[in-house]
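Enquirer: Below are the sequence and a predicted model for it; my questions follow.
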Amino acid sequence: MVAVARKRIPQQSPETSTFESDVIEGLRSTPKSLPAKYFYDAAGSQLFERITELPEYYPTRCEISMLRDYAADIAKLIPQGAALVEFGSGSSRKARILLSAAPKLAAYVPVDICREMIEQEAAELRRDFPQLKVLPVTADICKPFDLPDEAKGAPVRVGFFPGSTIGNFEPHEASAFLRNAANILGAGATLIVGVDLIKPAEVLNAAYNDKAGVTAKFNLNLLTRINRELGGTFRLNTFEHHAFYNRERHRVEMHLASLKRQKVKVGGETIDFRAGETIHTENSYKYSVESLAALARGVGWLPTGAWTDAHRYFSIQAFRFAG
Ligand code: AVJ
């Protein structure tokens with residue numbers, strides 16, 4: 001037997017070590033990038049809540065008022081005894097509107113990566129909807145996961161994916177997500193998706209460059225998180241928030257631009273920045289009703305309904321999976 005030198009095993013949770021390897025990989029790439037999903041630590045989630053209340057940031061307000069206005073119509077797509085499965089449920093604020101409008105739902109399955117959040121929310125939902133079976137699942141919505149037996153046993157399943165979270169995926173990832181959702185929900189399923197629409201650049205640029213600077217704080221908080229959790233040496237006043245609508249690719253891009261040439265240490269690595277070099281931190285893809293339907297059709301979802309607001313800023317789209 002040959003003795004093998006063992007590497008020291010870092011004292012970290014699996015989440016932390018994936019965070020570290022994702023961050024190092026992104027910062028060593030050209031151009032530099034970081035995955036948008038890491039925005040949402042406790043501080044980042046609070047900053048996002050503040051974004052949703054900004055005058056310039058229309059999507060959340062728009063979607064919630066549409067869910068209220070069209071709840072009865074949307075509920076017509078929810079069959080008797082169905083289980084509602086929400087992908088990335090968070091606070092379940094939007095699902096509550098559907099739950100109130102569709103009393104024939106038998107079960108609600110909030111799926112989220114954050115365990116504490118859904119367990120706490122489940123207790124409140126059970127109190128507010130005593131007839132409903134609330135069956136939380138802790139899982140990464142991008143990967144295959146198992147539904148609870150009671151949801152599998154329901155006559156049919158209805159997926160719910162609000163918030164234009166689908167816009168954070170690259171189009172090929174959005175397509176993979178839709179395919180995964182079809183596999184999880186099964187034949188006869190309906191999927192209700194909230195999607196931000198293509199619109200004039202001025203509206204989009206304002207929504208991601210708010211006057212109060214909350215979106216800038218949200219973006220920069222990713223560096224604070226890296227400093228705290230990975231021992232990074234980012235100096236926040238040497239990076240600047242950049243956000244703009246990329247018309248060719250139908251997406252809002254967020255970046256953090258280094259104001260000078262500098263070196264930053266992260267997890268034992270040294271990263272060089274040129275003056276003006278950026279880290280690409282987020283894409284927020286915008287769709288038309290037709291372009292999302294085309295993507296969905298490609299993986300077997302047929303359009304069964306679409307709603308937009310008076311300005312055509314936001315859409316709620318429904319699809320059915322024949323199987
Ligand atoms: C939660 C992904 C829908 O893309 O508009 C808000 C996140 N980023 N402001 C979005 C976000 C900057 C948001 N999503």
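Expert: Ah, there it is.
Enquirer: Kindly indicate whether Val111 is helix, strand or coil.
Expert: Using DSSP: H, G, I helix; E, B strand; the rest coil, the structure places Val111 in strand.
Enquirer: Report the beta-bridge partners for it.
Expert: Listed by DSSP bridges, the beta-bridge partners for Val111 are Phe87, Val137.
Enquirer: and stretch 95-107, how far apart are its ends?
Expert: 12 Å (C-alpha to C-alpha, to the nearest Å).
Enquirer: How far off centre is it?
Expert: Offset of stretch 95-107 from its chain centre (C-alpha atoms, centre = their mean, to the nearest Å): 22 Å.
Enquirer: who's in contact with it?
Expert: 64, 67-68, 71-72, 74-75, 78-84, 86, 89, 108, 110, 125, 128-129, 131-135, 150-151, 154, 158, 160, 162, 192 (C-beta atoms under 8 Å, 6 or more residues apart in numbering). In this view, the C-beta of every residue, glycine as well, is placed from N, C-alpha and C.
Enquirer: now do stretch 142-160
Expert: Contacts of stretch 142-160 (C-beta under 8 Å, 6+ apart): 77-87, 94-95, 98, 105-107, 109, 111, 133, 135, 137, 139, 173, 176-177, 180-181, 183-186, 188-192.
Enquirer: List only those of these flagged as buried.
Expert: Taking 16 or more other C-beta atoms under 10 Å as the criterion, what is buried in the contacts of stretch 142-160 is 77-79, 82-87, 94-95, 98, 105-107, 109, 111, 133, 135, 137, 139, 177, 180-181, 184-185, 189-192.
Enquirer: Can you list which of those residues are found in strands?
Expert: Applying DSSP state E to the buried ones among the contacts of stretch 142-160, the entries found in strands are 83-87, 107, 109, 111, 133, 137, 189-192.
Enquirer: out of those, what pair is the most spread apart?
Expert: Largest separation among these by C-beta to C-beta: Lys133 and Leu191, giving 20.5 Å.
Enquirer: Can you name the residues of the stretch 201-323 of the chain sitting close to the ligand?
Expert: Tyr208, Thr215, Glu282, Ser284 (C-beta under 6 Å from any ligand atom).
Enquirer: Closest to Glu119 out of those?
Expert: For these, the minimum distance to Glu119 (C-beta to C-beta) is 28.1 Å, reached by Glu282.
Enquirer: The closest one sits in which helix or strand?
Expert: Per DSSP states H and E, Glu282 falls inside strand 278-285.
Enquirer: Look up phi and psi at the nearest residue to Asp272 once chain neighbours are set aside.
Expert: Leaving aside its chain neighbours, Asp272 sits nearest to Lys263 (5.7 Å; criterion: C-beta to C-beta, 6 or more residues apart in numbering). Lys263 adopts backbone torsions of phi -120, psi 140, taken as degrees, to the nearest 10.
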